[in-house]
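Peer 1: from the sequence below, what's the structure:
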Amino acid sequence: MYSTAVYIHWPYCLKKCPYCDFNSHVKEQINHNDWRLAYDREIEHYANILGNRLVTSVFFGGGTPSLMEPETVQYILEKIHACWSIANDCEITLEANPTSIEIQKFKEFYDVGVNRVSVGVQSLRDDQLRFLGREHSVSEALNALKIANDIFDRVSFDLIYARPDQNDG
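Peer 2: Now for the predicted structure:
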């Protein structure tokens, strides 16, 4: 049986960062039920093409997937499980921004099967965060990492390197 990884794209953010080149949009109202049905059809489509697979990784990227309802994440994971076999050690990652990390919601993501979170810190300098158009401060980023580490065994974070006029680490 072939192994495979599944990428789920959530294209919504609270704010579009000026450096971002990903398919992401700001929208006030999102119909999660419509998105669940769309993901359902898409996963079913690829299951028919790919056949029996062993899923070793699921990655919720974006956008800001931590803005998803935990029920939407659960629905998607259940659909993936219905279509393919899931490895016992399957890593299920959800990207998050420091401004969208809430203790209760992260506990719910954990409860539905997310076992790794990747936090979009981008910089540990407040002036650079402002330059990048980020909505969080360094202290908020560090607090978000603490919350993530309190709930998940596996946590990573992104930093942007080689920013314009950057001359330090």
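
Peer 1: contact partners of stretch 61-76?
Peer 2: 7-14, 22-25, 30, 32, 35-36, 39-40, 43, 60, 94-97, 100-101, 105-106, 108-109, 111-114, 117, 120 (Cβ atoms under 8 Å, 6 or more residues apart in numbering). C-beta: built from backbone N, CA, C; applies to glycine.

Peer 1: make a PyMOL selection of the buried ones in those.
Peer 2: Filtering the contacts of stretch 61-76 down to the buried ones (16 or more other Cβ atoms under 10 Å) takes a single PyMOL command:
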select buried, resi 8+10+11+12+13+24+30+35+36+39+40+43+60+94+95+96+97+100+101+105+106+108+109+112+113+114+117+120
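
Peer 1: looking at the contacts of stretch 61-76, which are in strands?
Peer 2: The strands, defined by DSSP state E, take in 7-10, 12-13, 25, 60, 94-96, 117, 120 from these.

Peer 1: let's have the residues you listed in a markdown table, adding pLDDT and distance to Asn52.
Peer 2: Listed next are the ones in strands among the contacts of stretch 61-76 as a markdown table, based on pLDDT from 0 to 100; distance: Cβ to Cβ, whole Å:
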| residue | pLDDT | distance to Asn52 |
| --- | --- | --- |
| Tyr7 | 98 | 19 |
| Ile8 | 98 | 20 |
| His9 | 96 | 24 |
| Trp10 | 95 | 27 |
| Tyr12 | 89 | 32 |
| Cys13 | 85 | 35 |
| His25 | 80 | 35 |
| Phe60 | 98 | 23 |
| Leu94 | 97 | 26 |
| Glu95 | 96 | 28 |
| Ala96 | 94 | 32 |
| Val117 | 97 | 29 |
| Gly120 | 93 | 35 |
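
Peer 1: find the pair from those residues with maximum spatial separation.
Peer 2: Greatest spacing in the ones in strands among the contacts of stretch 61-76, by Cβ to Cβ: His25 and Val117 (22.3 Å).
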